[in-house]
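Visitor: When you get a sec, could you give me coordinates for this:
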Amino acid sequence: MGNADSAPAQAFALLQIEQRGAVLTVGLNRPAKRNALNDAIIQEIGDCFAGLPDDVRAVVIHGLGDNFSSGLDLSELRERDATEGLVHSQTWHRVFDRIQYCRVPVIAALKGAVIGGGLELACAAHIRVAEPSAYFALPEGQRGIFVGGGGSVRLPRLIGVARMMDMMLTGRVYSATEGSAYGFAQYLVDADTALAKALELAEKIASNAPLTNFAVLQALPLIAEANPQTGLLMESLMATVAQSDQEAKRRIRAFLDHKTAKVKPT
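Guide: Numbers count the residues shown, from 1 in each chain. Below you'll find the model as predicted:
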């Protein structure tokens, strides 16, 4: 991938951030806590995604150490009244929305624990790559709490409501192999290679036309949930905008020239 460029100017205490060309890596840096999520790291994730450098065209989020994230840091859990609880949950929603609705694609490299809030964080990414060590769980039912980081919205769209209900009611744990089959992750790779694969995908994605990437991220989910006629109209509008983009025109010309050269008689 080449030498790393300088990281964004802002300093982060709980994230390890590195920019390599057009790809930004965001590492959850609480390995002693299995990268458990507390308010401080959630704030840093939000700040990071709110201030992506202009030249970043893809992001990889991963966990330092042996785990992606073990979820909510229960050691810092405190009682909140109804208003405080609502505001706290909506803070997580806003941060994870910044990932889901990021201007560039986000890839999550998963290993070890991907549970609770860690699974909610992974669900906000657009592509998930899992190692054999990864396992997925929602232990909220056993802990007397409920998902609060958007998991009830995002995860059922990946695996279905019934499967999520089973996880929360029974504490069922899915392995990486099961997870890749059921939709938790799109890629299952060898041990210790999830980050490398995520970086490989990020480099490839970063080379796409930015407007096309943006349309895939922002329009495609809306089209999928719209009624067919609305979806078709939105598709036509996005196709028109994308094809009018100067970089898209250049890419189309280059493709046609390459195709013509291949069939040209010698």
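
Visitor: ok, and the closest non-adjacent residue to the spatially most central residue of the chain?
Guide: By Cα atoms, centre = their mean, the chain has its centre lying nearest to Ala125, at 1.3 Å. Closest residue in space to Ala125, ignoring its immediate chain neighbours: Ala108 at 3.9 Å, by Cβ to Cβ, 6 or more residues apart in numbering. C-beta here means a position set from N, CA and C on the backbone, and glycine is covered the same way.

Visitor: Likewise for Gln142?
Guide: Gly171 (5.2 Å).

Visitor: Let me see the contact set for the one you found.
Guide: Residues counted as contacts of Gly171 (Cβ atoms under 8 Å, 6 or more residues apart in numbering) are 137, 139, 141-142.

Visitor: For PyMOL, write the select line for the buried members of the residues you listed.
Guide: In PyMOL, this line selects whichever of the contacts of Gly171 come out buried by 16 or more other Cβ atoms under 10 Å:
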select buried, resi 137+139
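
Visitor: Report the lowest-confidence entry in the contacts of Gly171.
Guide: Minimum pLDDT across the contacts of Gly171 is recorded for Gly141, with 76.

Visitor: could you say what helices and strands the one helix or strand that one maps to packs with?
Guide: Taking DSSP states H and E as the definition, one finds Gly141 inside helix 140-143. Under the contact criterion of 3 or more Cβ pairs under 8 Å, 6 or more residues apart in numbering; DSSP states H and E, helix 140-143 touches helix 161-170.

Visitor: now the strands for the stretch 101-250 of the chain?
Guide: With DSSP state E, counting those that start in this stretch, the ranges of strands along the stretch 101-250 of the chain come out as 106-110, 113-115, 127-130, 135-137, 173-175, 187-188.

Visitor: isn't Ala58 right up against Glu203?
Guide: Yes - judged on Cβ atoms under 8 Å, Ala58 makes contact with Glu203 at a distance of 7.5 Å.

Visitor: Would you mind giving me the confidence score for the closest residue to Leu158 other than its chain neighbours?
Guide: Leaving aside its chain neighbours, Leu158 sits nearest to Gly183 (4.4 Å; criterion: Cβ to Cβ, 6+ apart). If you check Gly183, the pLDDT there is 96.

Visitor: what's the neighbour count on Gly183?
Guide: 14 (other Cβ atoms under 10 Å).

Visitor: can you pull out the helices in the stretch 101-250 of the chain?
Guide: Taking DSSP state H, counting those that start in this stretch as the criterion, the stretch 101-250 of the chain carries its helices at 117-124, 140-143, 151-159, 161-170, 176-182, 194-206, 210-218, 220-225, 228-244, 246-263.
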